[in-house]
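Student: Got a predicted model here, sequence first, then my questions.
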There are 2 protein chains.
Amino acid sequence: MIKQRLMTPGPTDVPPEVLVEMAKPIFHHRTDRFRRMFAEVNVGLKKLLFTTSDVLTLAGSGTAGMEAAIATLVPRNKKVLVANGGKFGERWAKVARVYGLDVDEVKLEWGTALSAEAVKQKISTGDYGAVIVVHSETSTATATDLEAIAAVTRGTDVLLLADAITSAGALPLKQDDWGVDVVGMGSQKALMLPPGLAFVSVSEKAWKAAESVKAPAFYLNLKTYRKSVAEDDTPFTPAVSLIRGLKVALDMIHGIGIETVWARTALLAKATRVAAGALGLKIFSSQPSDSVTGIWYPEGVNDSFRKILRTKYGCSVAGGQDDVKGKIFRVSHMGFVDPFDTIGMVAAMEYTLAQLGAKVEIGSGVSAATKVLKDWA
Amino acid sequence: MIKQRLMTPGPTDVPPEVLVEMAKPIFHHRTDRFRRMFAEVNVGLKKLLFTTSDVLTLAGSGTAGMEAAIATLVPRNKKVLVANGGKFGERWAKVARVYGLDVDEVKLEWGTALSAEAVKQKISTGDYGAVIVVHSETSTATATDLEAIAAVTRGTDVLLLADAITSAGALPLKQDDWGVDVVGMGSQKALMLPPGLAFVSVSEKAWKAAESVKAPAFYLNLKTYRKSVAEDDTPFTPAVSLIRGLKVALDMIHGIGIETVWARTALLAKATRVAAGALGLKIFSSQPSDSVTGIWYPEGVNDSFRKILRTKYGCSVAGGQDDVKGKIFRVSHMGFVDPFDTIGMVAAMEYTLAQLGAKVEIGSGVSAATKVLKDWA
């Protein structure tokens, strides 16, 4: 009888309205009914990304969407610059190599991000066909200045592919204004859905570059999805229930306005950072993302913290990976999470730290978080 | 896109496990399958009330159960003492009059409860056949010392009927040990179910007294329910989905143990009282119940407090009734509510009070509540 709160940086909690919608009977996807719904969903996704490009929807995880983009769009005759500041940057370098690309993998210290200046220097050589960055690197809870990097690639022949899986719908992102060529998303993050859908939004510049690319891919060939979406359809069997849920989730997001969602997410992140500070804890990243916060365990505390937090207090957060496994934990601010979940999570954090022998003044974190969150709108 | 938290003293939030169980297909009630389930539920209810008596389950609200008890069990040839310390005490006096009973209605100042001493004096005259008290009077958030009153009626011919609608499963209550003759419950409180079921548990002494009572009732005649339950059955069509949900809810409660549930409820109530104190707010009742807390609005704050709390922060609490309408609000601690809901509710309370111009130090209430709740087990 422990109330569960899912505060991992994906999957995130799904609103009851969405769960109920997804529980409704299946209908067939080769129907006008489906095409009408799919067209509406596409409008909502474009609005979310501030783009006029069609957004392609795949049944798959976020990785499937990013792999499809790399397979379909990235020019083969030039180098691809991949910013590796964590597990996901590392993954896109691996994927690019699978497709035989000449990968320039920039390994960054975890908790830092590639600068626009560094991108500028690299691509000034003329050797690069594409740059792949992770907007919000989940593994390190670190944000990249995507707008600044887009300002560098915009107006050049170099494509900019952004893994926006834990940023789209959470952090400010305006694809067309900024000039981001490819945006990849997943369903189980800020979109408040279960896992199972990937989304890719592709600029005209990227489609043009793709003309020279002969993708060794069938299911993950975005050109096929592009043809279908023009007719409000999908090339393969779509995940109908998830798309039903997506319609409801997008209506909820656009109902309050995406800018309000961004502001709310940022405030939850700020409250978490301030609360951590009040408890004497250090933030992991030097460029913290607002969609997820990484926090160092204090001296003497290990990953049993997460076990107690989950089993005793019902609050699930993520741990660290690779070198920081057992040294940090990560809390999500995406989607259907509110000030009261966040304040509650801070209280659970205080109790757990105290049980593990850390010096915490019970109530100081929640008090600090509550002060920040008073500006909630 | 506001997360809803139902913290009214009934209905209360229903756990997802119970909602999913109730969403399953209906099966027929005149079957072995139903009788097996109903027998199991009855075991769980008896365990909840610490009684060996069968617990009768009616499709109806809590009022239906209490009315059935009054109609079926209360001797007609003597007076009935009714403690009226709020809206529900008042109601049982009305119901008793509908059945032609000679009602001695003791009107108490709201926020106080009838003492065992007062009951002792009254029944010492020998004029009374029954006493009706409200264990936890929801309208005034006040607890009656039911154990002490039962110690007075036990061993006499006088029946003790307790409205335990907002107490059973929340406050300590041991029917057989204490000697309470009739316990009435509803589904939408500590049992964590939607409204729609009433429960009545009847002692052998009360059944004996009922032999002389010719109840002018058909659906609400408990004798009919008694006959059926002996065969694990119901006299009328039962609310099958709710009973399915009840099975799951009882398993959850007994899984952690009813004493633990009582302790948790008491701690949530204490945290709320302490937080109110830290914010300079006064508790309404002089004998506060642990299942619901009534709090006076501070100077200058009116019932728009509840509207802001609900529409802006998604937190529903109850208002005052009759003379204290617009002057107090009431927060539930029953059922599927945890420390983090309670701390969040205190934060929402702080924000709302500040917006209405009350002097509150943001963070002081949550900090105080968090300190109390660190003992959560």
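Tutor: Structure received. Just so it is clear, the model here is predicted, and its values are computed rather than measured.

Student: Chain A: strands as residue ranges?
Tutor: A:5-6, A:55-59, A:79-84, A:102-107, A:128-134, A:136-137, A:142-143, A:159-163, A:182-186, A:197-202, A:292-296, A:315-316, A:318-319, A:328-332 (DSSP state E).

Student: What is the fourth one packed up against?
Tutor: When you say that, I think you mean strand A:102-107. Strand A:102-107 sits against strand A:79-84, helix A:87-98, helix A:116-123, with contacts defined as 3 or more Cβ pairs under 8 Å, 6 or more residues apart in numbering or on different chains; DSSP states H and E. Where C-beta positions appear, they are placed from N, C-alpha and C, glycine not excepted.

Student: And that strand, what's buried?
Tutor: With burial defined by 16 or more other Cβ atoms under 10 Å in any protein chain shown, the residues of strand A:102-107 counted as buried are A:Val103, A:Asp104, A:Glu105, A:Val106.

Student: contacting residues for the spatially most central residue of chain A?
Tutor: Closest to where the C-alpha atoms of chain A average out (Cα atoms, centre = their mean) is A:Thr166, at 1.1 Å. Contact analysis of A:Thr166 by Cβ atoms under 8 Å, 6 or more residues apart in numbering or on different chains lists A:Pro9, A:Gly10, A:His135, A:Ser136, A:Thr138, A:Lys189, A:Ala190, A:Ser289, A:Ser291, A:Val292, A:Met334.

Student: returning to what we had before: could you dump the strands of chain A to JSON lines with mean pLDDT?
Tutor: Formatted as JSON lines, those follow (pLDDT from 0 to 100):
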{"stretch": "strand A:5-6", "mean pLDDT": "96"}
{"stretch": "strand A:55-59", "mean pLDDT": "97"}
{"stretch": "strand A:79-84", "mean pLDDT": "98"}
{"stretch": "strand A:102-107", "mean pLDDT": "98"}
{"stretch": "strand A:128-134", "mean pLDDT": "98"}
{"stretch": "strand A:136-137", "mean pLDDT": "98"}
{"stretch": "strand A:142-143", "mean pLDDT": "98"}
{"stretch": "strand A:159-163", "mean pLDDT": "98"}
{"stretch": "strand A:182-186", "mean pLDDT": "98"}
{"stretch": "strand A:197-202", "mean pLDDT": "98"}
{"stretch": "strand A:292-296", "mean pLDDT": "98"}
{"stretch": "strand A:315-316", "mean pLDDT": "97"}
{"stretch": "strand A:318-319", "mean pLDDT": "98"}
{"stretch": "strand A:328-332", "mean pLDDT": "98"}
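
Student: Comparing those, which comes out most buried?
Tutor: Per residue and on average, the most neighbours among these fall to strand A:136-137, with a mean of 32 (mean count of other Cβ atoms under 10 Å in any protein chain shown).

Student: ok now it, how far from the chain's centre?
Tutor: Strand A:136-137 has its C-alpha centroid displaced from the chain centroid by 7 Å (Cα atoms, centre = their mean, to the nearest Å).

Student: Can you tell me which helices and strands that strand packs against?
Tutor: helix A:87-98, strand A:142-143.

Student: winner for burial among those?
Tutor: Note that of these, strand A:142-143 is the most buried (mean count of other Cβ under 10 Å), with a mean of 24.

Student: could you measure the single nearest residue of the stretch 51-200 of chain A relative to chain B against A:Ala239, distance?
Tutor: Closest approach between the stretch 51-200 of chain A and chain B, counting by Cβ to the nearest Cβ: A:Met192, at 8.7 Å. Distance, A:Met192 to A:Ala239, by Cβ to Cβ, to the nearest Å: 15 Å.

Student: now A:Asp341
Tutor: Distance, A:Asp341 to A:Ala239, using Cβ to Cβ: 27 Å.

Student: Return the residues of chain A in contact with chain B.
Tutor: Within chain A, the residues that sit near chain B (Cβ under 8 Å from any Cβ of the partner chain) are A:1-3, A:5, A:15, A:23, A:252-253, A:255-256, A:261, A:313-315, A:336-341, A:343-345, A:347-348, A:350-351, A:354, A:362-364, A:366-368, A:370-371, A:373-374, A:376.

Student: and A:Asp145, how many neighbours?
Tutor: Neighbourhood size, A:Asp145 [other Cβ atoms under 10 Å in any protein chain shown]: 15.

Student: Hmm, it is touching A:Ala116, no?
Tutor: Yes - between A:Asp145 and A:Ala116 a contact is recorded at 6.1 Å, counting by Cβ atoms under 8 Å.

Student: wait, what's in contact with A:Phe34?
Tutor: By Cβ under 8 Å, 6+ apart, the neighbours of A:Phe34 are A:Phe27, A:His28, A:Pro238, A:Val240.

Student: Buried ones among the residues you listed?
Tutor: Applying 16+ other Cβ under 10 Å to the contacts of A:Phe34 flags A:Pro238, A:Val240 as buried.

Student: Turn the contacts of A:Phe34 into TSV, columns for pLDDT.
Tutor: Formatted as TSV, the contacts of A:Phe34 follow (pLDDT from 0 to 100):
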residue	pLDDT
A:Phe27	95
A:His28	96
A:Pro238	96
A:Val240	97
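
Student: among the contacts of A:Phe34, which are in helices?
Tutor: A:Val240 (DSSP state H).

Student: Please convert the contacts of A:Phe34 to a markdown table, extending it with distance to B:Tyr128.
Tutor: Listed next are the contacts of A:Phe34 as a markdown table, based on distance: Cβ to Cβ, whole Å:
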| residue | distance to B:Tyr128 |
| --- | --- |
| A:Phe27 | 65 |
| A:His28 | 70 |
| A:Pro238 | 71 |
| A:Val240 | 66 |
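
Student: So chain A: which segments form each domain?
Tutor: A:5-10+A:257-373, A:16-256 (automatic domain parsing).

Student: now the helices for chain A?
Tutor: A:16-22, A:32-49, A:62-73, A:87-98, A:116-123, A:146-153, A:175-178, A:204-210, A:222-229, A:240-256, A:258-278, A:304-311, A:339-355, A:364-373.

Student: of all these, which lies closest to B:Val43?
Tutor: Among the helices of chain A, the nearest to B:Val43 by Cβ to Cβ is helix A:304-311 (28.2 Å).

Student: Which positions in the closest one come out as buried?
Tutor: Applying 16+ other Cβ under 10 Å to helix A:304-311 flags A:Phe305, A:Arg306, A:Ile308, A:Leu309, A:Arg310 as buried.

Student: So what sits opposite the nearest residue to the last one once chain neighbours are set aside in the bridge?
Tutor: Take A:Arg310 and drop its neighbours on the chain: the residue closest to it by Cβ to Cβ, 6 or more residues apart in numbering or on different chains is A:Ser316, 5.1 Å away. Partner residues in beta bridges with A:Ser316: A:Leu6, with DSSP bridges as the criterion.

Student: Please list all residues in contact with A:Ser316.
Tutor: A:Gln4, A:Arg5, A:Leu6, A:Met7, A:Thr8, A:Leu309, A:Arg310.

Student: I'd like to know which of those residues is nearest to B:Pro216.
Tutor: Taking the contacts of A:Ser316 together and measuring to B:Pro216 by Cβ to Cβ, the closest member is A:Gln4, at 49.0 Å.

Student: Contact partners for the closest residue to the closest one other than its chain neighbours?
Tutor: Leaving aside its sequence neighbours, A:Gln4 sits nearest to A:Gly314 (Cβ to Cβ, 6+ apart; 4.8 Å). Contacts here follow Cβ under 8 Å, 6+ apart; on that basis A:Gly314 touches A:Ile2, A:Lys3, A:Gln4, A:Arg5, A:Ala348, B:Asp338.

Student: ok, now A:Ser136?
Tutor: So A:Ser136 contacts A:Thr142, A:Ala143, A:Thr144, A:Ala164, A:Ile165, A:Thr166, A:Ser167, A:Ala170, A:Leu171, A:Ser289, A:Ser291, A:Val292 (Cβ under 8 Å, 6+ apart).

Student: Can you tell me which of the residues of chain A next to chain B are buried?
Tutor: The buried subset of the residues of chain A next to chain B (16+ other Cβ under 10 Å) comprises A:1, A:3, A:5, A:15, A:252-253, A:261, A:313-315, A:336-341, A:343-345, A:347-348, A:350-351, A:362-364, A:366-368, A:370-371, A:373-374, A:376.
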